[in-house]
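S.K.: My questions are about this predicted structure, shown below with the sequence.
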Amino acid sequence: FSSQEIKAKLIKLLKATAAGFLFVLITAPIWHTFNDALESAYTLYNDPDYPPGVVQNPSGLLIGLFDEIFYRQMVHNEHIFAPASNFLLLLGVLWSIACLKYMLQNRTYIAVGLSSLVSYGLVFGAVPWELIQKIPYLRNVCHVDNTFSAVLIVHLFLLAGFGLKACWDGLKTKEWKFDWLVALFFLGMMLSLYFGSTKDIPKSQFFYGYVASLVFCFILLPWILRWLSQVSHATIQKMLITLLVVVMILLHWRHGMHLHLSDSFDKYVMNPQLRSNMQAPSEAIKFIKSDVINPFRAVGFSSNLFAGYNAAYGIEGINGPDALMNKHYRQLVKEIPFDWNWGWRIVVDEKKLTELRPFLDLLNVKYYLASHEGNPAELPELRLLGAFDLNVYTSRATWPRAFFTDKLSTYESVTEFVDMVKKGDGRPFAAFQKSDSEQYFELKDLQGDQKSRVVVPVTDYKLTTNITSFTVDAPSKGVIVLTEAFLKDDFKVMLNGKPVPYFRINHAFKGVVVDAPGRYTVSFSYWPRNFTRSIWMFIVGILLMVSWVLFTLRRYRSLKI
């Protein structure tokens with residue numbers, strides 16, 4: 001939309017395209033790895049029952065984009081969490097529409113306005129949700145209203161700037177009053193759409209009073225500016241400036257932070273609160289972390305050691321609010337009789353401990369945290385280690401993070417595997433799914449009677465950001481099981497310094513075959529399947545960018561000379 005010549009615009013377009021291409025190359029280690037992970041992962045959007053499709057706002061709620069109090073009246077609809085701007089922006093945007101004939105002469109306004117229509121269409125349903133659900137990545141956004149309202153507000157600031165400038169520049173023109181009436185007309189239309197579409201929803205007295213003050217300020221503000229441009233008397237100017245300040249406060253006061261006044265008032269404003277200390281010391285956590293011999297996982301009963309927060313203390317857990325989940329692990333834990341919240345959070349109920357303990361042992365859960373309200377004698381499955389700020393228990397039969405076994409079992413489905421754990425003798429074992437038997441045919445030689453199996457825990461763990469290594473003394477041919485999530489082709493495994501293949505074992509974890517007795521040093525390192533390619537793309541991108549910069553500098557210097 002620039003007024004430059006076609007040749008100049010084409011050169012800019014080519015440069016922008018080249019810069020975008022370099023950006024793609026340089027960021028390849030990030031987006032390539034993410035895309036591969038997304039393809040192989042489970043997300044909550046894979047579940048047909050969650051979330052409730054694509055969430056968009058009805059067109060009648062458009063005015064809510066300029067003050068969230070209009071959304072707030074829709075508290076019965078839990079999906080409306082869209083952000084909002086304020087009525088000063090609304091005045092600017094509507095004034096720019098009132099001066100549209102003049103605005104269309106500004107190519108920048110046209111470009112910003114047209115690009116804003118994309119976000120508007122996504123937020124308020126002009127783009128059908130059926131179409132959104134067919135677009136990769138976009139269909140997984142779910143809260144389209146929230147996400148793209150934030151994008152739309154950026155456009156609104158620019159459009160409002162054009163409108164407010166037009167209002168200011170035209171204060172002394174004849175057309176100004178007409179523009180004001182047109183802006184007022186559009187405001188009335190937006191209010192009518194809102195109240196018409198929400199007529200059956202009860203609204204508070206505070207809401208009506210607040211909206212009345214917004215409309216009053218919307219009407220008065222342009223006139224204050226007009227009067228200021230016309231009067232020269234100092235006293236009147238001071239009065240108008242004071243009135244302008246009052247109007248600006250009325251437009252914005254609710255968006256600030258407020259002291260506590262009353263429950264009826266505070267639900268419409270933000271009260272600053274004293275937040276919880278997220279780094280508070282815990283004697284129970286300190287006690288658990290003092291165990292540095294072997295890796296372990298820990299859980300808390302009910303809301304203790306909340307799922308995911310364990311990472312703040314550097315303690316491994318069994319679950320968290322992860323956007324991407326390992327699909328095999330997800331299948332496994334969904335078959336275990338855990339309680340679930342919000343589609344992702346595992347809740348460990350101490351009343352179900354007898355039923356859950358075999359599975360928690362499988363998952364390498366060594367420590368359990370509980371409130372003092374419970375009676376330690378009520379948890380016979382566990383042993384009380386200490387009563388700190390929380391009671392700390394340990395399981396009597398936790399599976400080691402990694403172990404060797406000389407026997408393998410097979411199973412058809414994850415349900416059958418879970419049943420094997422439930423009915424097992426409590427000792428670690430290894431099993432692989434029959435559907436993998438053709439891919440890993442060498443595992444067939446290890447099948448045998450699990451009652452006579454030999455289990456040897458590994459030693460000398462070394463855990464870094466992306467490497468797990470250990471040592472194991474294998475008494476015979478067998479398999480080494482590592483209870484960390486399996487990702488196909490995303491790990492490099494070294495057995496005594498030599499690369500070896502790995503496979504999926506116990507449905508969600510990693511295994512390696514050893515062909516003979518002996519001492520083995522095993523290392524699993526995370527190296528995504530296309531990461532080497534991504535690194536080369538990054539290097540090429542950097543080299544091209546440096547070459548471009550050097551060429552540009554050289555050309556600039558030659559032109560300067």
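M.R.: Received the coordinates, thanks.
S.K.: From here on, just use CA atoms for contacts and neighbour counts.
M.R.: OK.
S.K.: shaky segments in this structure?
M.R.: Across the chain, the ranges flagged by pLDDT under 70 are 48-52, 75-80, 374-378, 438-441, 560-561.
S.K.: try 80 this time
M.R.: Across the chain, the ranges flagged by pLDDT under 80 are 45-53, 74-81, 140, 142, 373-380, 437-444, 559-561.
S.K.: Tell me which residue lies nearest the centroid of it.
M.R.: Ala323 (5.9 Å; C-alpha atoms, centre = their mean).
S.K.: Make sure that one is indeed in a helix.
M.R.: No - using DSSP: H, G, I helix; E, B strand; the rest coil, the secondary structure at Ala323 is coil, not a helix.
S.K.: any idea how far it is from Asn140?
M.R.: 11 Å (C-alpha to C-alpha, to the nearest Å).
S.K.: now do Pro29
M.R.: Distance, Pro29 to Asn140, using C-alpha to C-alpha: 22 Å.
S.K.: what's the answer for Ser2, then?
M.R.: 35 Å.
S.K.: Between the two, which has more neighbouring residues?
M.R.: More crowded of Ser2 and Asn140, by other C-alpha atoms under 10 Å: Asn140, with 18 against 11.
S.K.: residue contacts, that one?
M.R.: Contact analysis of Asn140 by C-alpha atoms under 8 Å, 6 or more residues apart in numbering lists Tyr45, Gln133.
S.K.: which SS class is Val479?
M.R.: The three-state assignment at Val479 reads strand, by three-state DSSP.
S.K.: Just give me the neighbour total for it.
M.R.: Quick note: Val479 (other C-alpha under 10 Å) scores 22 neighbours.
S.K.: How about the contacts made by it?
M.R.: Counting by C-alpha under 8 Å, 6+ apart, Val479 has contacts Phe404, Thr405, Asp406, Lys407, Gly511, Val512, Val513, Val514.
S.K.: Identify all contacting residues around stretch 406-418.
M.R.: With C-alpha under 8 Å, 6+ apart as the test, stretch 406-418 has contacts from 331-332, 335-336, 429-435, 443, 446-450, 453-455, 476-479, 506-507.
S.K.: for stretch 259-268, same thing?
M.R.: Ile69, Arg254, Asn271, Pro272.
S.K.: do the same with stretch 244-256
M.R.: So stretch 244-256 is contacted by Asn86, Phe87, Leu88, Ser213, Leu214, Cys217, Leu221, Ile224, Tyr268, Val269, Met270 (C-alpha under 8 Å, 6+ apart).
S.K.: Tell me the helix or strand right after whichever strand or helix holds the third one.
M.R.: Leu88 is part of helix 87-98, with elements assigned from DSSP states H and E. In the C-terminal direction, the helix or strand that comes right after helix 87-98 (DSSP H and E) is helix 100-103.
S.K.: Tell me which residues of that following helix come out buried.
M.R.: Using 16 or more other C-alpha atoms under 10 Å as the test for burial, helix 100-103 gives Leu100, Met103.
S.K.: Tell me the gap between it and the middle of its chain.
M.R.: 41 Å (C-alpha atoms, centre = their mean, to the nearest Å).
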